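Colleague: Whatever this is, show me its structure:
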Amino acid sequence: MKLTKHLVAVATFLVAVAQMASADSAKHLSPSESIAAAVTKPQPEYSAIAKQLKLEGTVSLNAFVTEDGTVDHVETVSGNPVLVRSAEDALKRWKFNKQTDDGKPVKFVAAVTFSFKQ
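Modeller: Below is the predicted model of the structure:
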């Protein structure tokens, strides 16, 4: 039983390391390159609580984009947690032009910052 738990823990760790290595080796786009590569850019909506609290600020995110230009998942870099959810939801709906390496489509990471102002 202990061996099985240990093997599961080791396997989980190896998967996490492989994902980090994959993200590190992926092409990274700057915020300006990300905006230029985006085809569809839905903007985040202010949540009712953010409006009520009159929150303003920026939320910086990384979008992990597949070879076909769709967002696989989003990682928060910085920002007010109340604003982050709306920004993540919007970025997950973005679509990007394909990025290539030697003529082959590749996964990439797009850096995007949203500004919230009332």
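Colleague: Only C-alpha atoms from now on, for both contacts and neighbour counts.
Modeller: Noted.
Colleague: which residues touch Val112?
Modeller: 30-31, 34-35, 60-63 (C-alpha atoms under 8 Å, 6 or more residues apart in numbering).
Colleague: Just the buried residues out of these, in PyMOL syntax.
Modeller: Buried residues among the contacts of Val112 (16 or more other C-alpha atoms under 10 Å), as a PyMOL selection:
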select buried, resi 31+34+35+60+61+62+63
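Colleague: Give me the neighbour count for Ala50.
Modeller: Ala50 has 17 neighbouring residues, counting by other C-alpha atoms under 10 Å.
Colleague: per-residue confidence at Val10?
Modeller: Val10 carries a pLDDT value of 44.
Colleague: Ok, Ala26 next?
Modeller: So, for Ala26, pLDDT stands at 85.
Colleague: give me phi/psi at it?
Modeller: phi -70, psi 150 (degrees, to the nearest 10).
Colleague: Just give the nearest non-adjacent residue to it, would you?
Modeller: Phe108 (5.1 Å; C-alpha to C-alpha, 6 or more residues apart in numbering).
Colleague: Need the contact partners of the helix or strand where Ala36 lies.
Modeller: Using DSSP states H and E, the element containing Ala36 is helix 31-37. Helix 31-37 is contacted by residues 96-97, 110-113 when judged by C-alpha under 8 Å, 6+ apart.
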